[in-house]
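[1] Output the structure for:
(chains A and B)
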Amino acid sequence: MTATWLRMMGALCVAEISAVLALTSSLAPQPATQPAPDFSLPQVHGGVFHLHGRPARTTLLAFLQTVPDTADTPSRGEAVFVLSMAHQYGPRGLRVAVIDASALVNVQAPRRDALVNAGYDWHLDIPLLVDTDNRVAKAFGITQLPTVVLLAPGGSISQRWEGFTRPAALAQGIERILGGPLGSIPKIR
Amino acid sequence: MVTAVSIRGRRPVEFRLYTATVFLICLTGCAGNQSYSGSFSPALPSIPAPPPPAAAMSYVDCSAATNGNGTQSTPFNTLTSINATTFNPGDQIFFKRGMTCNGTLAPLGSGTTASPIVVDAYGTGPQPIIDGGMDTAAVQLSNQQGWEINNLEIVGGNQYGVNIAGTAQNTAYTHFRLTNLNVHGAHYTSVTGDDSGEIVITIGNAGESLNDIVIDGVQVHDSQVYNGIYIDAGTGFNTPNPILGNNITIRNSTVYNVYGMGMTLFVVNNGLMQNNVVHNTGQCPPNPGCGADTPGGLMDLACNNCMMENNESYSIQDWSPWDGGDYDVDVWNTNNTVQYNYGHDSVGYCVSVFSADGVASTNHIIRYNVCSNDAQLANSPDPGELFLNTAADGVNGSIDGLEIYNNTFYWNPATPGPAFDTVDASFSGSSPNFFKNNIIYSTVPNLIETTSDFALDNNIYWTVGVAPEWNINGADYTDLASYQAASGEDAHSLYTDPMLNTPDYHSVGAPATAFTLLPGSPAIGAGANVCSGIAACSMGTQDFWGNPLPTGSGYNIGAYQGP
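    The predicted structure follows:
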């Protein structure tokens, strides 16, 4: 066996092992700096959101309680901040999505039309995703709402915030990946 | 989300059922096998309290071809039937999503805090629209309380989008919720001041107050009326015994493109404006203008225990030469806090404190704010990132207690002037007034113009491209040492590059790394414990970015306290 063949076989083995890990890892919580589990979820207003799409993009996922959408919850305030991140960094390539995780705190999973209405009532102009049976929330190890997860373009979890998180903190994490603040040239010291 | 539920029995039917039930109980009890000794005194069955009337649900679909009786299957198709109904606690009114009702929504009746009357949407899709057109208001409640209005788009109105008004003397109106509304397009043929607005909640007669109000997740925008959100919650603010409205909150909301003021709390105890964004207010055309009022972003007026925190205000415009600032702690205020806010690119100040009319404005805190590139109006009479004035109405008041600390200012005005300006302020009383642990990073010479009434220390001053200037007690100093020696102030302060990350950032959106401290910054650990020796004083728990504060010592100068 040549060294090249061995390297190829090794690479294939690694790829297969990675695929298995991707499947099995979908059942286990993902800490920060670990690869994020891939998923595709339907959007309440149509279309499908693919996490590991092409081209690879920095992605901010917000797991929120969106139903009932008039409830006084930290998720309501967090939605405002997440939306501001989309407006502030979207032109620089940030992708932002809200994953409804209401069933983690409510007795029943919300109806589809309730999610549709939440998108309108919260003035969301970003994808709102339907996570049936909380499959994705469980894969990300979500135990409290709100939780916001920042993913690097390579698919790894760059940062994770549990609980109500202010926009400056979110923006700091985003800028570590996107590089540099908006609106000015960083001074070289 | 509303599930399909048929209308419950109305009051007369329930009464008849109750009566029959009582009769049956009596029959059953009376027929029991019991023996008695002595005189016969049968025990009467206790009469159960009548059940509360079932809440009524009324449905409105203005796109329906014919008018129904208000059930979901046969809804009303105009606002007329709703407006003719006096609703009771717990009742609900549902408007169908995706349709428009023309006219004013003015239902009657009052709910309670425990059982409010709720207006909401049903069905699936975009919010229902109430289009007030040229009516005075699109939504009107008068001398009512206990209402919650959710998930509507409210358009037009000739003076108001939403008007909640009380006119009965000695009445405390309680419990209002406005949630997830989109309010816009109101217009006023004569905008003369604060008598118009997209959301105006107000009372005005002796002894009245408004209490327990929360405005949450509301968008107000694109309007030709003066106010975005204006709440006047009490009366007698300039009397010895004012009546303040209690517990008023505006949060998670946005106001933009209105003619005058963004958000105002007036005559309030325990007020909060939190997590809001206000921008491009003051859009009234200069000719003929909008009267003597002066626009701004967020304002507290005659407010006790009021707080503005985690807001962003920017691009505030102005047709007059006064105000046009981001955060206004105006006259007759006590115990206000302005913290964790970002203000930028407005024609006036970032933060102001005013007083007038012989009244002392007392015990305010301004801390952990980031202010950048304000005072963009040339030759403004209200200059400064931080501006104080105690003769706001031409009659002097005073300030008694103003703590300004751990703020970061990027000072780049259209016309050179001081970043911290107290020259028009008088002080009284014995509460501490100080300016400590702040950073002023300036492109013009003028850093401060103040008096010995203020204690200044542990600040960092820096100018780029120009020589610095401090003015205290009317005298100018062009070097820090001379200013320190002559004034006795700023003994531990520095004139040096604070080494800020991107100090000229002034874009929309909270600064993330901008204004944080670079490694080796002279601001690191150089701040004072400003509460030392002051009873009941706390420096708070976090900085602008949410980083926890040191305990007792080791504070940085400026708004950044992180690693």
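[2] how about stretch B:455-474 against chain A, any contact?
    No. Applying CB under 8 Å from any CB of the partner chain, one finds stretch B:455-474 separated from chain A by no less than 10.5 Å. For the C-beta atoms, the positions are set from N, CA and C on the backbone; glycine is no exception.
[3] what packs against the one helix or strand residue A:76 maps to?
    Assigned by DSSP states H and E, residue A:76 belongs to helix A:74-89. The contact analysis (3 or more CB pairs under 8 Å, 6 or more residues apart in numbering or on different chains; DSSP states H and E) places helix A:74-89 against strand A:59-64, strand A:95-100, helix A:167-178.
[4] Now that helix: average pLDDT?
    Mean per-residue pLDDT for helix A:74-89: 93.
[5] which of the residues in it are buried?
    For helix A:74-89, the neighbour count (16 or more other CB atoms under 10 Å in any protein chain shown) marks A:75-86, A:88-89 as buried.
[6] tell me which of those residues is nearest to residue B:118?
    residue A:76 (17.4 Å; CB to CB).
[7] Report the contact partners of that closest one.
    The contact partners of residue A:76, taken as CB atoms under 8 Å, 6 or more residues apart in numbering or on different chains, are A:69, A:122, B:216-217, B:252.
[8] okay, residue 33: pLDDT?
    In the absence of a named chain, this looks at chain A. pLDDT, read off for residue A:33, is 66.
[9] hmm, I had chain B in mind actually
    Looking at residue B:33, its pLDDT stands at 33.
[10] ok, now residue B:49?
    pLDDT, read off for residue B:49, is 59.
[11] same thing with the one 3 residues further on?
    Residue-level confidence at residue B:52 comes out at 56, pLDDT.
[12] Residue A:112 now?
    91.
[13] Hmm, it is touching residue A:132, no?
    No. Applying CB atoms under 8 Å, one finds residue A:112 not in contact with residue A:132, separated by 9.7 Å.
[14] Please enumerate the helices of chain A.
    A:3-25, A:74-89, A:112-121, A:135-139, A:167-178 (DSSP state H).
[15] Chain B now?
    Taking DSSP H as the test, the helices found in chain B are B:11-30, B:80-83, B:480-487.
[16] Return the set of buried residues in the second one.
    To tie it back to what came earlier, the one meant is helix B:80-83. Applying 16+ other CB under 10 Å to helix B:80-83 flags B:81-82 as buried.
[17] Check which helices and strands that helix sits against.
    Against helix B:80-83 (3+ CB pairs under 8 Å, 6+ apart) you get strand B:57-60.
[18] The strand it packs on close to chain A?
    No. Using CB under 8 Å from any CB, we find that strand B:57-60 stays clear of chain A, coming within 15.7 Å at best.
[19] Where does the prediction get shaky in chain B?
    The model of chain B has pLDDT under 70 over residues B:1-54, B:192-194, B:292.
[20] quick revisit: need the contacts of residue A:76 in TSV (columns: neighbour count and distance to residue B:366).
    Formatted as TSV, the contacts of residue A:76 follow (neighbours: other CB atoms under 10 Å in any protein chain shown; distance: CB to CB, whole Å):
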residue	neighbour count	distance to residue B:366
A:69	26	35
A:122	22	32
B:216	23	25
B:217	26	27
B:252	23	23
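[21] out of these, who's nearest residue B:64?
    Of these, the one sitting nearest to residue B:64 (CB to CB) turns out to be residue A:69, at 25.1 Å.
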